[in-house]
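K.L.:
A predicted structure for the sequence below; I have some questions about it.
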Amino acid sequence: MRTFKLLVVGAGAAGISAALAAWDAGCRDVLLLDRAESMGGILPQCLHEGFGLTTFGQELTGPEYTARLAEKLAGTGVVFLPGTEVLSVSEERIAVLSRRGAVERLRFERLILASGCRERSIGSLPVAGTRPAGIFTAGQAQERINLRHQDLGDEILILGSGDLGMIMARRFTLGGKHVIAVLEQAVQYGGMARNHRRCIEAFSIPLRCRMTVREIHGEGRIRGVTAEHIDSGEREFIACDTLVTALGLIPERELVRGLEDRDWLSLVGNCHHVHDIVDSAAAEAARIGSLVGKRLAV
Ligand SMILES: Cc1cc2nc3c(=O)[nH]c(=O)nc-3n(C[C@H](O)[C@H](O)[C@H](O)COP(=O)(O)OP(=O)(O)OC[C@H]3O[C@@H](n4cnc5c(N)ncnc54)[C@H](O)[C@@H]3O)c2cc1C
């Protein structure tokens, strides 16, 4: 069985930053792996600018930010294994990996988990009706449009005004689609002021606060929703052919469930807590990577 001093799971901004810092701190036996075929995590699908102001002193796109990290990584001896999913991690510090159809076990001394987060889906809300085609989470929509060049629909309703919801409202508008509105249950938008200015105000996209979706209509394909004004309880039908939900992100750490308090484990980036900006995820990961790397230095 292969053995590594440090195993880093997830090669998004956090995992790469942790691996780099551990290497710089003197650990010379680092394996970084990701189930995706390339590194960057969420970043490659974020084609908009707004990444890296603190770390690199300029606004980069997600792919540009990834390229900067990849360049740094190439200057180290960190081993990067793409297309490799960690299926389980045990108390005995053995990770079971699935790589190109084969299952492999490896032993590690320390583990840094950088597995990111997942999106809350429409299923988490008490919404009546079936689930016809045309309903996407914002992250799914972003990946399909930016990386797979798919056309998702023409009349778009967005539920949730966090950063992802606002960024996708702009993305659809730039793609020539009609964003009917962004509905938000709170009294004001949920994401950063910068994104409200750049994505909602700049494109005059209607933001309707204190509203939610109560029912989905359509067979085969969505044709509209019943929306509710939360304060008055009044309901209205909003026609749309696409519903995009941006209902929040949940740290993804199933892999280490029950092992969270082990002294050989550290969580970094969005699997630790959700970071609004990549620089903060990367800085936190680098700090922890450096501490772990010092302990493992030869
Ligand atoms: C849509 C969107 C827009 C954003 N816009 C901005 C912005 O404009 N400016 C900004 O500064 N920040 C922005 N952010 C925030 C920032 O991009 C993220 O906080 C940061 O990139 C998260 O990095 P991460 O490494 O923690 O997670 P991720 O990038 O999600 O990486 C996690 C990685 O772990 C891998 N993985 C998970 N489980 C396993 C497993 N079992 N085995 C192997 N691999 C696994 C995944 O494949 C993934 O590659 C945005 C975030 C999103 C989602």
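P.N.:
Cool, got the structure.
K.L.:
Report the separation between residue 138 and residue 282.
P.N.:
Per C-beta to C-beta, to the nearest Å, residue 138 is found 22 Å from residue 282. C-beta: built from backbone N, CA, C; applies to glycine.
K.L.:
nope, residue 274 is what I meant
P.N.:
14 Å.
K.L.:
Can you name the residues that contact residue 139?
P.N.:
Contacts for residue 139 were tallied using C-beta atoms under 8 Å, 6 or more residues apart in numbering; they are 42, 45, 119, 164.
K.L.:
Just the buried ones out of the residues you listed, please.
P.N.:
Among these, those that count as buried by neighbour count (16 or more other C-beta atoms under 10 Å) are 42, 45, 119, 164.
K.L.:
Relative to the ligand, which of those residues is nearest.
P.N.:
The closest of the buried ones among the contacts of residue 139 to the ligand turns out to be residue 42 (C-beta to the nearest ligand atom; 3.7 Å).
K.L.:
Give me the pLDDT for that closest one.
P.N.:
At residue 42, the predicted lDDT confidence score is 96.
K.L.:
can you tell me how far it sits from residue 182?
P.N.:
According to C-beta to C-beta, residue 42 stands 21 Å off from residue 182.
K.L.:
Please point out which parts of the longest helix along the chain sit buried.
P.N.:
Identified as the longest helix of the chain according to DSSP state H is helix 278-296. For helix 278-296, the buried set under the neighbour-count rule, 16+ other C-beta under 10 Å, comprises 278-286, 288-290, 292-293, 296.
K.L.:
again, but for stretch 76-87
P.N.:
Residues of stretch 76-87 classed as buried by neighbour count (16+ other C-beta under 10 Å): 76, 78, 80, 84, 86.
K.L.:
what's that stretch in contact with?
P.N.:
By C-beta under 8 Å, 6+ apart, stretch 76-87 touches 4, 9, 11, 19-20, 23-24, 28, 30-39, 73, 95-100, 103, 255.
K.L.:
What's the end-to-end length of it?
P.N.:
Stretch 76-87 has an end-to-end distance of 27 Å (C-alpha to C-alpha, to the nearest Å).
K.L.:
interface residues of the stretch 101-250 of the chain facing the ligand?
P.N.:
Residues of the stretch 101-250 of the chain lying close to the ligand by C-beta under 6 Å from any ligand atom are 114-116, 139, 142, 163-164, 167.
K.L.:
Next, the buried residues of stretch 229-239.
P.N.:
Using 16+ other C-beta under 10 Å as the test for burial, stretch 229-239 gives residue 238.
K.L.:
Report the rounded mean pLDDT for it.
P.N.:
Stretch 229-239 comes out at a mean pLDDT of 97.
K.L.:
now stretch 145-155
P.N.:
Mean per-residue pLDDT for stretch 145-155: 97.
K.L.:
Endpoints of it, how far apart?
P.N.:
Across stretch 145-155, first to last residue, C-alpha to C-alpha, it's 15 Å.
K.L.:
Pull out the buried positions in that stretch.
P.N.:
Neighbour-count burial for stretch 145-155, counted by 16+ other C-beta under 10 Å, picks out 145-146, 152-153, 155.
K.L.:
Looking at the residues you listed, which is nearest residue 245?
P.N.:
Comparing these against residue 245 with C-beta to C-beta places residue 152 closest, at 12.8 Å.
K.L.:
Residue 136 reaches residue 245, doesn't it?
P.N.:
Yes. Taking contacts as C-beta atoms under 8 Å, residue 136 lies within contact range of residue 245: 7.4 Å.
K.L.:
Perfect, I'm done here.
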